[in-house]
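>>> Test case, fold it:
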Amino acid sequence: RRSGYFATSGATLDWPLSAANARRMAQQTLVGREIVGGAAEGSVLYADTGLSFWGGCDPQTGVIVDHTHPLHDECVRGRVLAIPNGRGSCTGSQVVLELLLNGVAPAALLLRTPDVILSLGVIVAEELFGHSIPIVSLGDSFDRLEAHTHAAVAGSTVICGAGPLPPAPRSFSTADQRLA
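Residues are numbered from 1 along each chain as shown. Now for the predicted structure:
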């Protein structure tokens, strides 16, 4: 056994490459725009098609019921939901709120572009009921999520890879930084 240096991450890796080190090498760190703060980890539920929560996701079960959506019959509960954006009615905020209150919401929401409607549902749930999930807008980095099965989110940082991941390092929101 010998040790080597993996230059891009600064990590010391054992040689021959162990399964744990191979997973670490396959991880990617993405930094986006924190829309709603928080930390979460879970399996990635990815689609390159926006989702209408109003009529597209059952607020009692968390199952995507829109038969035209690529994630039809998948459950968002406890998963890191990666969609480019919401679609349709502003009533989607209410459905997101109901998902949170019913305990069947995704663990986190990763978007290509910020979505005020989906964010509003989370913000209302956080302010009035103390329930929240992180929301991060990743911009052009969003498409990189398709290749990964798991993601850990903390603030604006998303670590994605092929299996359960260590928590992402906590980054501070702009509001937190102003308070410091």
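
>>> Near the nearest residue to Leu145 once chain neighbours are set aside, how many other residues are there?
Nearest residue to Leu145 in three dimensions, chain neighbours excluded: Ala82, at 4.6 Å (CB to CB, 6 or more residues apart in numbering). Just so you know, the C-beta spots here come from the backbone N, C-alpha and C atoms, and that holds for glycine as well. Neighbour count for Ala82, taken as other CB atoms under 10 Å: 27.

>>> pretty sure Ala82 is in contact with Ser141, am I right?
No - judged on CB atoms under 8 Å, Ala82 makes no contact with Ser141 at a distance of 10.9 Å.

>>> which strand in this structure runs the most residues?
In the chain, taking DSSP state E as the definition, the longest strand is strand 39-46.

>>> which helices and strands does the following helix or strand past that strand pack with?
Later in the chain than strand 39-46, the nearest helix or strand by DSSP states H and E is strand 80-82. Other helices and strands packing on strand 80-82, by 3 or more CB pairs under 8 Å, 6 or more residues apart in numbering; DSSP states H and E, are strand 39-46, strand 108-111, strand 150-154.

>>> wait, isn't Leu101 in contact with Val122?
No - between Leu101 and Val122 there is no contact under CB under 8 Å: 11.5 Å.

>>> Which one of these two is surrounded by more residues?
Between Leu101 and Val122, Val122 has the larger neighbour count (other CB under 10 Å), namely 24 against 14.

>>> Quick check: the more buried one vs Pro134, distance?
Going from Val122 to Pro134 by CB to CB, to the nearest Å gives 9 Å.

>>> what touches both of these two?
Common neighbours of Val122 and Pro134 are listed as Val36, Leu109 (criterion: CB atoms under 8 Å, 6 or more residues apart in numbering).

>>> and Asp48, what is it in contact with?
Counting by CB under 8 Å, 6+ apart, Asp48 has contacts Pro70, Pro84, Asp143, Glu146.
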